[in-house]
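Asks: Okay, sequence plus prediction incoming.
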Amino acid sequence: GAGVSQSPRYKVAKRGQDVALRCDPISGHVSLFWYQQALGQGPEFLTYFQNEAQLDKSGLPSDRFFAERPEGSVSTLKIQRTQQEDSAVYLCASSLRWGVNYNEQFFGPGTRLTVL
Amino acid sequence: GQQVMQIPQYQHVQEGEDFTTYCNSSTTLSNIQWYKQRPGGHPVFLIQLVKSGEVKKQKRLTFQFGEAKKNSSLHITATQTTDVGTYFCAGQHGYGQNFVFGPGTRLSVLP
């Protein structure tokens, strides 16, 4: 498919477990974003990559959250020692480039994380 | 931090009625985007507005960016059941910065 894919689609973790969420952006897209969306809320920015460089991680809620994009394509969001407040849908989005007049973000289907 | 507000939170309309959602920022935005998220789905890009006072139309949808670049609106004429979903605005407070999403307006259309 040509869209953004994410895996797994659903993840149930026990409190304290580590989880890893994967994002495959659209081929050739330079920019990649991670968002957290709580039920009934808008997506909240977590972090942004341009190629392999993580240019903004100001939205990561704690040092338990870590993201990487080592080869500038696939990205992984890792959450260590999960807590119940981490339960949310984690959305990944990619953009062809990040410029003044062309910032369309293509979102993946999301990973719904439930922490018990 | 910088916030983007949206009103109303919910809107129920009869099919054929018009619908408008409003987006407001306390600070000037460099540009604003609108997304639609169907129930159980993911946000889908609708449009981006960059210029002060800009108005763009997509069939029954009209998007407007305020003169002061602090507010925006999305107006749907003669709603259809396919318009059901949550409409989000996302504002960028400076070029190259991340987008801040509003809380969304959930639209229900009664047939």
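Replies: Structure received. Remember, it's a predicted structure, so these values are computed and weren't measured experimentally.
Asks: Spatially nearest residue to whatever residue of chain A ends up closest to chain B (excluding sequence neighbours)?
Replies: Checking chain A residue by residue against chain B with CB to the nearest CB singles out residue A:42 as nearest, at 3.6 Å. To be clear about C-beta, it is placed using only N, CA and C from the backbone, and glycine gets the same treatment. Counting by CB to CB, 6 or more residues apart in numbering or on different chains, residue A:42 lies nearest to residue B:101, which is 3.6 Å off, once chain neighbours are set aside.
Asks: does the residue of chain B at minimum distance from chain A have beta-bridge partners, and which?
Replies: With CB to the nearest CB, the shortest gap between chain B and chain A falls at residue B:101, namely 3.6 Å. Legend: beta-bridge partners of residue B:101 under DSSP bridges are residue B:90.
Asks: Contacts only, for the spatially most central residue of chain A.
Replies: Central residue of chain A (CA atoms, centre = their mean): residue A:34, 3.0 Å from the mean position. Contact partners of residue A:34, counting by CB atoms under 8 Å, 6 or more residues apart in numbering or on different chains, are A:23, A:45-48, A:67, A:75, A:77, A:90-92.
Asks: Of the residues you listed, which is the nearest to residue B:49?
Replies: residue A:45 (19.5 Å; CB to CB).
Asks: before we move on, what SS does the closest one have?
Replies: On the three-state scheme (DSSP: H, G, I helix; E, B strand; the rest coil), residue A:45 is labelled strand.
Asks: Spit out the contact partners of it.
Replies: Applying CB under 8 Å, 6+ apart, the residues contacting residue A:45 are A:33-35, A:56, A:58-59, B:98-101.
Asks: Show me the contacts of residue A:34 that map onto helices.
Replies: Nothing among the contacts of residue A:34 maps onto helices, per DSSP state H.
Asks: Next one: residue B:35 relative to residue B:94, how far apart?
Replies: Between residue B:35 and residue B:94 the distance is 20 Å, computed by CB to CB, to the nearest Å.
Asks: same question, residue A:12
Replies: For residue A:12 relative to residue B:94 (CB to CB), the value is 39 Å.
Asks: now do residue A:97
Replies: 17 Å.
Asks: Mind checking which of residue B:35 and residue B:94 has more residues around it?
Replies: A side-by-side neighbour count of residue B:35 and residue B:94, using other CB atoms under 10 Å in any protein chain shown, places residue B:35 first with 26 against 12.
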